[in-house]
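Asks: Have a look at this prediction, sequence included:
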Amino acid sequence: MEISSIKNHLKSADSKLASIIHDDELSWPIYSGPFESLSKAIVGQQLSVKAADTIYKRFSELLELRLTPESLDKVTDDELRGIGLSHQKTSYMRDLARYFSDPAKNDPSLWSGSDEEIIKELTSIKGLGVLTVQMFLMFDLRRLDILPLDDLGIKMGMCNLYGLAPKERGVKKKLELVAEPWRPYRSIACRYIWRYQNNS
């Protein structure tokens, strides 16, 4: 479905959401494959966007722009820590590389499963939690019905828009109910929630 039709669906489903949906188009990142995308996600965990971009650029240069499990195997842990990766993230990178060294894990059919199946599969890798995989589903696989309520920006944005207290009892369940009319396009709705929160 075209984005204009999705917007119309969301506007008609939720008047408050409609108030923050604009006519401009949403941009999408270039998908470069699961290993590279998830490597970038690990680097960026608990960092500002600027710091994450700086370290990821060093990471890419260290691997000579060949972001593969094989190229990662050629650099040492000391070299990874030297570009700013923590001991823990270095360990996560090694686990990610081991996972994708298996040719079966690079079969495109692996990514045709349900959202739940992919979350279960990828969270078996150290360093990849549910939220990280949800971001992968939303922005790399472009799954349209993801609701990442563990993301602070989504939680705060929804609470601000719908007049809920972030720390009130049962708020997550309330937010799930708020988002129910957005199905099957909750991912797109969340992108407008992020924009709204960032501009508030």
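Replies: That came in fine, so what should we check first?
Asks: so what's Leu72 up against?
Replies: Contact partners of Leu72, counting by CB atoms under 8 Å, 6 or more residues apart in numbering, are Leu63, Met93, Arg94, Ala97. Every C-beta, even on glycine, is put in place using the N, C-alpha and C of the backbone.
Asks: and the last one, what element?
Replies: Looking back up the chat, that one is Ala97. Assigned by DSSP states H and E, Ala97 belongs to helix 87-100.
Asks: how about low-confidence regions in the chain?
Replies: 1 (pLDDT under 70).
Asks: Give me the domain ranges for this protein.
Replies: In terms of domains, the chain is parsed into 3-27+146-199, 34-140 (source: automatic domain parsing).
Asks: Assign a three-state SS to the closest residue to Asp151 other than its chain neighbours, would you?
Replies: Excluding the flanking residues, the one nearest Asp151 by CB to CB, 6 or more residues apart in numbering is Leu131, at 6.0 Å. Counting by DSSP: H, G, I helix; E, B strand; the rest coil, the backbone at Leu131 sits in helix.
Asks: So which of the contacts of Leu72 wins on neighbours?
Replies: Met93 (23 neighbours; other CB atoms under 10 Å).
Asks: how near is that residue to Asp107?
Replies: Counting by CB to CB, to the nearest Å, the gap between Met93 and Asp107 amounts to 22 Å.
Asks: next one: Ser86
Replies: Counting by CB to CB, the gap from Ser86 to Asp107 is 31 Å.
Asks: Spit out the contact partners of the residue nearest the centre of the chain.
Replies: Residue closest to the mean C-alpha point of the chain, counted by CA atoms, centre = their mean, is Met135 at 1.4 Å. For Met135, the contact set (CB under 8 Å, 6+ apart) comprises Ala41, Pro148, Asp151.
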